[in-house]
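Chemist: Fold the following.
(one chain, ligands or ions: 1)
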Amino acid sequence: MASSILSDCSSCATSRLLPLRRALHPPPPRFRPSPAPAPLPRRPLLAAAASLPLLPRARRMAALAAASSADSATVLADASAKIIDGKLVAKQIREEVGVEIARMKDTIGVVPGLAVILVGSRKDSQTYVRNKKKACDAVGIKSYEVNLPEDASEYEVIKHIATFNDDPSVHGILVQLPLPRHMNDENILNAVSIEKDVDGFHPVNIGRLAMQGRDPFFVPCTPKGCMELLHRSGVEIKGKRAVVIGRSNIVGTPAALLLQKANATVSIVHSKTKNPEEITRQADIIIAAVGVANLVRGSWIKPGAAIIDVGINPVDDPASPRGYRLVGDVCFEEASKVAGAITPVPGGVGPMTIAMLLSNTLDSAKRIHKFK
Ligand SMILES: Nc1nc2c(c(=O)[nH]1)N[C@@H](CN(C=O)c1ccc(C(=O)N[C@@H](CCC(=O)O)C(=O)O)cc1)CN2
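Modeler: Reported below is the predicted structural model:
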């Protein structure tokens with residue numbers, strides 16, 4: 001039975017544009033809300049746009065997306081998607097990695113090492129780095145940490161990278177992103193040895209991912225985590241239509257390449273795509289990685305599709321102790337009534353990022369020491 005619903009996804013109008021998201025998915029948000037597929041909108045979108053001229057563009061676009069979908073979202077209210085529990089899958093992967101690390105240590109006496117470089121004092125980055133260290137400790141990876149001040153020079157960062165490149169006890173090196181504005185990401189990421197580039201951000205690793213018959217040393221952790229969630233949830237990829245929303249270097253682009261390698265037919269929806277809703281609605285698999293809260297509404301989704309939501313967007317929530325809560329790029333409330341399977345936010349892709357980092361670090365140590 002189909003029924004019209006109103007969801008609270010319009011709260012995306014209050015989306016907080018925290019600096020991390022801005023750095024990884026630079027504004028302005030790049031999506032126009034698509035025209036409503038159903039009868040004439042109750043509230044014309046242009047009129048809605050005109051009423052919002054003083055909002056920052058990001059918030060205007062989010063509000064427009066909400067206006068568009070509130071008029072058009074007709075979804076199946078009695079269907080319910082399988083929830084893909086990223087926290088649980090990540091825990092399983094961490095356990096598997098721990099077992100392999102113990103086996104390697106017992107057999108050849110090697111302990112994998114991961115070096116993390118953090119520049120500046122962003123609270124979110126500090127938390128991620130702390131969580132990476134904790135996760136390493138739990139599985140038996142030795143971690144090395146360098147903390148540099150916000151005003152450190154590019155040269156200093158590169159010097160530390162060079163030292164880790166030459167250190168045989170270090171098998172993986174990463175520089176926590178985003179970097180301070182005065183630094184050139186490219187120069188820094190290029191300095192990491194491709195054989196220790198556990199983030200998979202070096203252009204050679206991305207280039208190899210893009211080529212037929214070549215393999216990178218490492219696949220970036222978040223897109224690798226998306227694929228792992230699809231595989232472990234039994235979602236068939238070969239021959240399916242997939243849409244990736246967003247084309248960032250660290251998530252959208254590698255995710256599209258991975259889906260293509262897995263024999264999906266892939267479209268990338270981005271800021272200049274004319275009809276994102278219509279294209280997305282054809283997809284059997286959606287990976288949303290654009291950084292716009294609740295952009296993808298129920299009406300964008302083909303019934304039964306598998307949805308991987310990479311967005312981690314803070315929205316104001318006075319009832320929450322932090323004053324905000326996290327929502328994805330997909331309106332979960334609507335999407336979960338249409339999709340076949342969906343990741344929640346939080347607890348979906350996020351935990352997979354660190355699990356995949358551990359797995360990449362283990363793979364690196366195995367490769368360097370030729371341990372099967
Ligand atoms: N060098 C890198 N920098 C950054 C990466 C990366 O892969 N390499 N990714 C992100 C940050 N990140 C890891 O570094 C990361 C982000 C989110 C999570 C996570 O578990 N999120 C939770 C929610 C957490 C919360 O409550 O705040 C979830 O989604 O459930 C882990 C790691 C940018 N920088």
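Chemist: how about the strands in the chain?
Modeler: 2-4, 74-76, 82-83, 113-119, 142-148, 172-175, 241-245, 265-269, 285-288, 306-309, 313-316, 324-327, 341-342 (DSSP state E).
Chemist: and the residue nearest in space to the middle of the chain, what does it touch?
Modeler: The residue lying closest to the centre of the chain (CA atoms, centre = their mean) is Val310, at 3.8 Å. Val310 sits next to Thr222, Cys226, Gly246, Val251, Ala255, Ile287, Ala288, Ala289, Gly328, Asp329, Val349 when contact means CB atoms under 8 Å, 6 or more residues apart in numbering. All C-beta spots, glycine's among them, are computed from the backbone N, C-alpha and C.
Chemist: and the gap between the nearest residue to the last one once chain neighbours are set aside and the ligand?
Modeler: When the adjacent residues along the chain are set aside, Val349 lies closest to Val310, with 5.0 Å between them (CB to CB, 6 or more residues apart in numbering). Note on Val310: its distance to the ligand, by CB to the nearest ligand atom, to the nearest Å, is 9 Å.
Chemist: what do you get for Ser169?
Modeler: In terms of CB to the nearest ligand atom, Ser169 sits 20 Å off from the ligand.
Chemist: Now for that residue: which residues touch it?
Modeler: Going by CB under 8 Å, 6+ apart, Ser169 touches Val111, Gly113, Lys142.
Chemist: Same question for Gly225.
Modeler: Counting by CB under 8 Å, 6+ apart, Gly225 makes contact with Gly86, Ala90, Val349, Met352, Thr353, Ala355, Met356.
Chemist: about what we covered before: can you put the strands of the chain in JSON lines and add mean neighbour count?
Modeler: As requested, the strands of the chain are arranged in JSON lines below (neighbours: other CB atoms under 10 Å):
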{"stretch": "strand 2-4", "mean neighbour count": "10"}
{"stretch": "strand 74-76", "mean neighbour count": "18"}
{"stretch": "strand 82-83", "mean neighbour count": "15"}
{"stretch": "strand 113-119", "mean neighbour count": "24"}
{"stretch": "strand 142-148", "mean neighbour count": "16"}
{"stretch": "strand 172-175", "mean neighbour count": "27"}
{"stretch": "strand 241-245", "mean neighbour count": "27"}
{"stretch": "strand 265-269", "mean neighbour count": "20"}
{"stretch": "strand 285-288", "mean neighbour count": "28"}
{"stretch": "strand 306-309", "mean neighbour count": "28"}
{"stretch": "strand 313-316", "mean neighbour count": "20"}
{"stretch": "strand 324-327", "mean neighbour count": "19"}
{"stretch": "strand 341-342", "mean neighbour count": "23"}
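Chemist: Mean pLDDT for those - can I get that in CSV?
Modeler: Formatted as CSV, these follow (pLDDT from 0 to 100):
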stretch, mean pLDDT
strand 2-4, 33
strand 74-76, 35
strand 82-83, 98
strand 113-119, 99
strand 142-148, 98
strand 172-175, 98
strand 241-245, 98
strand 265-269, 98
strand 285-288, 99
strand 306-309, 98
strand 313-316, 96
strand 324-327, 97
strand 341-342, 98
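Chemist: Up against the ligand, what does this structure have?
Modeler: Contact residues, the chain versus the ligand (CB under 6 Å from any ligand atom): 24, 128, 174-177, 199, 221-222, 312, 326, 345-347, 350-351, 353-354.
Chemist: Thr280 against Val290, yeah?
Modeler: No. Taking contacts as CB atoms under 8 Å, Thr280 lies outside contact range of Val290: 11.1 Å.
Chemist: overlap in contacts of the two?
Modeler: Ile245.
Chemist: and the nearest residue to Asn263 once chain neighbours are set aside, how many residues sit next to it?
Modeler: Of all residues not flanking Asn263 in the chain, Lys238 sits nearest, at 4.2 Å (CB to CB, 6+ apart). Lys238 has 7 neighbouring residues, counting by other CB atoms under 10 Å.
Chemist: about what we covered before: from Ala138, how far off is the residue nearest to Val349?
Modeler: Using CB to CB, to the nearest Å, we find Val310 at a distance of 24 Å from Ala138.
Chemist: Which stretches in this protein count as helices?
Modeler: In the chain, the segments counted as helices under DSSP state H are 19-24, 45-50, 57-72, 86-108, 123-139, 154-165, 185-191, 203-210, 221-232, 252-261, 276-280, 332-335, 350-368.
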